[in-house]
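# Quick one, structure for this:
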Amino acid sequence: MAIRIHVQVAIVGGGPVGMRLAAELAAHGVRVLVLESRTDVSLRPKATTLHARTVQSLVRRGHLAGLISVGGAATSPFHFAGIPGLAISAPAGEPEPVLKCPQAELERRFEERARTAGARILRGVSVTDVQQEHDAVRITARGRRGAGAGGPSTWSGRTVRAARCASSRASAAGCIRRPCPR
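Numbering: from 1, shown residues only. Next up is the predicted model:
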């Protein structure tokens, strides 16, 4: 038996980008649904360092409480593309300019904030089809949580965002007009 749910925004992909987007939108009262194929946060190392502008943005939005200090001027050493000995500075009143933090930790924090703000997050759900309709986007998915184990579930929303860029099914279906650069 198929399940049908309507939301304002459906996000395909629950990594750190999808979870942060869900947290921000839900905090503003938007009805958000995140569909993620993984059943849990991936522990496979990906990004482990956030740099100045990203750190500033996340601190200002309240996402890094307890992970980084804000105070006096600071300079942090770092390397990029195998180039050692680089340094980046932040003025007084700004957060430390470099934060070493596993991507999985950020994803967990963003997911917790999204759930607390009211976003519905379904893990273990694989999107099988995305169709643009007259006034909505229809998403069909299969999975074990929140979807009928014996059949597909359908969600619809005014907007669909793929958090996995051009490789996602939502992008391939044309819901994302500008694919992410490779």
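# quick one: what helix or strand has the residue lying farthest from the centre of the chain in it?
Ranked by distance from the centre of the chain (Cα atoms, centre = their mean), the top residue is Gly85, with 31.4 Å. In the assignment (DSSP states H and E), Gly85 maps to strand 83-90.
# mean confidence score for that strand?
Strand 83-90 carries an average pLDDT of 88.
# can you check stretch 5-19 too?
For stretch 5-19, the per-residue pLDDT averages 89.
# hey, C-alpha coordinates of it in CSV?
Output in CSV follows, covering the C-alpha atoms of stretch 5-19 (Å, rounded to 0.1, in the frame of the first residue of the first chain):
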residue,chain,number,x,y,z
ILE,A,5,2.6,12.8,2.2
HIS,A,6,2.7,16.5,1.2
VAL,A,7,5.4,18.9,2.4
GLN,A,8,6.6,22.4,1.4
VAL,A,9,10.2,21.3,0.8
ALA,A,10,11.6,17.8,0.2
ILE,A,11,15.3,17.4,0.5
VAL,A,12,16.9,14.4,-1.2
GLY,A,13,20.1,13.6,0.7
GLY,A,14,20.6,13.8,4.4
GLY,A,15,24.3,14.5,4.6
PRO,A,16,25.6,17.7,6.2
VAL,A,17,24.3,20.0,3.5
GLY,A,18,20.8,18.4,3.4
MET,A,19,20.6,18.4,7.2
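# Now do the buried residues in it.
5, 7, 9-19 (16 or more other Cβ atoms under 10 Å). Any C-beta I mention is one placed from the backbone N, CA and C, and that applies to glycine too.
# May I ask which two of those residues are separated the most?
Across the buried residues of stretch 5-19, no pair lies farther apart than Ile5 and Pro16, at 24.2 Å, counting by Cβ to Cβ.
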